[in-house]
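>>> sequence unavailable; structure follows:
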């Protein structure tokens, strides 16, 4: 599976809506990005930190380094309980940070995850 780049951001609803409108306006003009940017946004830092905990970050890094595997194999590699790893995998799947391959193994298909945090004025 070819690795892709992924953008994670913390932006408010107004900024999100502006970005979507810009994408739609470009599409109406026939301007399609050569390489689509896959992304997920969180509305605030608290929500981001609820989804990207230190254990989940370690899970992402380990899975990226080792390649696709089952939840059971990942739990053994991380020396964590199956249930906790499964719960973390499900949360990361819902957020779009983990995918399953053709054999239903979990995978981090990203070369890079870029995170942007906009500080309040």
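Good, I have the coordinates. Only a predicted model underlies this, so the values are computations on that prediction, with no experimental measurement involved.
>>> which SSE is immediately downstream of the lengthiest helix in the chain?
Determined from DSSP state H, the single longest helix within the chain is helix 13-28. Downstream of helix 13-28, the first helix or strand assigned by DSSP states H and E is strand 38-42.
>>> what sits against residue 39?
With contact set as C-beta atoms under 8 Å, 6 or more residues apart in numbering, residue 39 has these partners: 6-9. (Each C-beta comes from the backbone N, C-alpha and C, glycine too.)
>>> where does the protein dip in pLDDT?
Across the chain, the ranges flagged by pLDDT under 70 are 1-5, 36-37, 112-114, 116-121.
>>> strands along that one, start to end?
In the chain, the strands defined using DSSP state E lie at 4-10, 38-42, 99-100, 106-107, 110-117.
>>> hey, which of the ones you listed is tucked in deepest?
Compared across these, strand 106-107 shows the largest average neighbour count, a mean of 20 (mean count of other C-beta atoms under 10 Å).
>>> and it, how far out from the chain middle?
Put simply, strand 106-107 sits 12 Å off its chain's centre (C-alpha atoms, centre = their mean, to the nearest Å).
>>> check which helices and strands that strand sits against.
strand 99-100 (3 or more C-beta pairs under 8 Å, 6 or more residues apart in numbering; DSSP states H and E).
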